[in-house]
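Trainee: Let me see the structure of the following:
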Amino acid sequence: MLENINNDITLSIVIPVYNEEATILEILRRVNKQKIDSVSFEVIVIDDGSLDNSVPLMEENPNLFTKLIKLPVNGGKGAAVIAGLTAATGDFVLFQDADLEYDPKDYHKMVKPITHFGADVVMGSRLIASEFTRVYYFWHRLGNRLITTFFNIMNNATFTDIYSCYLLYRRDLVDPNILRAKGWEQQAEILSCAVAKANCVYEVPISYHGRTYDEGKKIRGYHVFKIFWTIFIRRLLR
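Mentor: Just a heads-up that it's a prediction; the model follows:
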């Protein structure tokens with residue numbers, strides 16, 4: 001029988017939002033349905049200057065979150081993440097996109113390495129025995145593999161998927177004040193900082209319901225170059 005190592009932890013769930021009126025209440029409801037023994041949730045929603053009905057919908061449902069941060073102008077996902085990390089008070093941080101690509105039902109998988117094995121960092125992977133993964137773009141998969149391989153070489157790691165949304169880490173591993181990236185490369189920066197200080201790192205399978213570009217997907221191929229550069233620079237700064 002597995003021994004429970006960490007008891008009564010608080011998990012700060014950071015949810016950046018930009019024009020997600022179609023999905024924001026549903027994702028918050030799914031987050032609130034999750035119950036994990038000895039784990040409490042701090043749900044932090046950061047609105048990044050949405051122009052749609054996202055903010056009014058959230059303000060009408062304050063029971064679905066712990067904190068709502070409203071940025072006056074759109075600064076990009078990176079700016080929203082930094083605002084959320086600055087406000088977080090939990091023992092651990094977990095990122096959640098405001099769309100429905102990732103299912104909070106996988107939280108129990110993400111948390112298990114922490115509560116049972118004392119993990120400092122847990123990465124959710126769409127590529128290791130997931131229950132289901134929506135077929136998506138070949139070039140995205142290829143780019144992800146290249147990024148992940150480069151990260152592993154630079155950090156002596158064995159990740160399979162460093163660009164899934166579900167990254168969970170002990171909050172004191174990453175100081176939001178040192179983060180410089182504001183674009184898609186920010187995840188690589190955060191993971192680089194976390195892995196550099198972590199003693200125990202795990203990866204778990206998660207399910208994925210990827211969106212098409214018509215459905216709102218935003219990442220593009222040219223983002224890969226900044227991601228490579230960020231991984232390289234963070235390794236040099238260690």
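Trainee: Quick one: list the elements packing against the longest helix belonging to the chain.
Mentor: Using DSSP state H, we find that the single longest helix of the chain is helix 138-155. Here helix 138-155 touches helix 186-197, helix 223-237, going by 3 or more CB pairs under 8 Å, 6 or more residues apart in numbering; DSSP states H and E. Any C-beta I mention is one placed from the backbone N, CA and C, and that applies to glycine too.
Trainee: State the pLDDT value of the residue most central in space within the chain.
Mentor: Note on the chain: the residue nearest the mean C-alpha position is residue 95, at 2.8 Å, using CA atoms, centre = their mean. pLDDT, residue 95: 98.
Trainee: and if you look at the one 3 residues further on?
Mentor: Residue 98 carries a pLDDT score of 96 in this model.
Trainee: Over to residue 136?
Mentor: pLDDT, read off for residue 136, is 62.
Trainee: So what's the gap between the helix or strand where residue 114 lies and the chain middle?
Mentor: Residue 114 belongs to helix 107-117 when elements are defined using DSSP states H and E. Distance of helix 107-117 from the chain centroid (CA atoms, centre = their mean, to the nearest Å) equals 15 Å.
Trainee: Tell me the helix or strand right after that helix.
Mentor: strand 121-125.
Trainee: List the buried residues in that next one.
Mentor: For strand 121-125, the neighbour count (16 or more other CB atoms under 10 Å) marks 121, 122, 123, 124, 125 as buried.
Trainee: Bridge partners for the third one, pull those for me.
Mentor: If I follow you right, that is residue 123. Taking DSSP bridges as the rule, residue 123 bridges to residue 167, residue 203.
Trainee: what's near enough to touch it?
Mentor: By CB atoms under 8 Å, 6 or more residues apart in numbering, the residues touching residue 123 are 159, 161, 162, 164, 166, 167, 168, 191, 201, 202, 203, 204.
Trainee: who are the neighbours in contact with the fourth one?
Mentor: The contact partners of residue 164, taken as CB under 8 Å, 6+ apart, are 102, 123, 124, 125, 126, 206, 208.
Trainee: if we go to 10 Å?
Mentor: For residue 164, the contacting residues are 95, 97, 101-102, 123-127, 130, 144, 187, 203, 206, 208, by CB atoms under 10 Å, 6 or more residues apart in numbering.
Trainee: out of those residues, which one sits closest to residue 230?
Mentor: residue 187 (9.1 Å; CB to CB).
Trainee: Surely that closest one and residue 97 touch.
Mentor: No: in this structure residue 187 lies outside contact range of residue 97 using CB atoms under 10 Å: 11.3 Å.
Trainee: Looking at the two, which has the bigger crowd around it?
Mentor: The neighbour comparison of residue 187 against residue 97 (other CB atoms under 10 Å) goes to residue 187, with 22 against 18.
Trainee: From residue 162, how far out is the more buried one?
Mentor: 7 Å (CB to CB, to the nearest Å).
Trainee: repeat for residue 77
Mentor: 16 Å.
Trainee: neighbour-wise, which of these two wins?
Mentor: Taking other CB under 10 Å, residue 77 and residue 162 do not tie; residue 162 has more neighbours (25 against 21).
Trainee: The more buried one contacts residue 231, correct?
Mentor: Yes: between residue 162 and residue 231 there is a contact at 8.9 Å, judged by CB under 10 Å.
Trainee: and for these two, which residues touch both?
Mentor: Contacts common to residue 162 and residue 231, judged by CB under 10 Å, 6+ apart, are 147, 150, 151, 152, 155, 188, 191, 192.
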